[in-house]
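# Here's my sequence, what's the structure:
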Amino acid sequence: MSDWTFLTSAEGPHLCVWRGAAAALAEAVPAAEPLRWLRGSRMRTRAGLLDEWAAAAQFPPYFGGTWDSLRDSLSDLPAGGTFLVFDADQLLQDAPPSDGVTLMAVLEAVAEDLAPRPFHLVLQVEPSHHGDLVEGLRRLRVPFREV
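Have a look, this model is predicted:
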């Protein structure tokens, strides 16, 4: 059983890695409010990522579909929140590496903007892809915790 108390805190790291099946994560994570679900399979490109995030977080119709508008829209979430990314090993797989760097910078800025409200991203990955995901995060020098 994992300790999920960090979800109620604005303290980092804001990125978490869950090694296991998506269904197991859905059962394990406490019913935090707000809790939103994203599908890595829909976020293989920057456009797909922005569309999936806009749908999951119910961004306003004027969402611009840019990195800046992603930051603005996430930073405007009144309660912050927790985002579960299923099949996170697919995240930005068909995008240039610079998009991964930009995404991580945007997410860190959002966490700062939202403080003291909590903001966390839980990346679910099957055990067979765990090493690759962790290696990619380390290459990007992204702080994360395992849950």
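# Show the contacting residues for Leu114.
The contact partners of Leu114, by CB atoms under 8 Å, 6 or more residues apart in numbering, come to 10, 74-75, 77, 80. In this view, the C-beta of every residue, glycine as well, is placed from N, C-alpha and C.
# Please repeat the previous calculation with a cut-off of 10 Å.
By CB atoms under 10 Å, 6 or more residues apart in numbering, the residues touching Leu114 are 10, 14, 74-81.
# PyMOL command for the buried members of the residues you listed?
Entered in PyMOL, the line below selects the buried ones among those, by 16 or more other CB atoms under 10 Å:
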select buried, resi 10+14+74+75+77+80+81
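# so of the contacts of Leu114, which ones are in helices?
74-75 (DSSP state H).
# from the contacts of Leu114, which ones fall inside strands?
With strands taken from DSSP state E, the overlap with the contacts of Leu114 comprises Gly81.
# and the residue nearest the centre of the chain, which of the three is it?
When CA atoms, centre = their mean is applied to the chain, the residue found nearest the centroid is Leu121 (3.5 Å). For Leu121, the assignment made with DSSP: H, G, I helix; E, B strand; the rest coil gives strand.
# Show the end-to-end separation of stretch 139-147, please.
Terminal residues of stretch 139-147 lie 20 Å apart, using CA to CA, to the nearest Å.
# Show me which residues of that stretch are buried.
Residues of stretch 139-147 classed as buried: 142, 144, 147 (neighbour count, 16+ other CB under 10 Å).
# and what of stretch 12-30?
Buried residues in stretch 12-30 (16+ other CB under 10 Å): 12, 14-19, 22, 25, 29.
# Sweet, I'm off.
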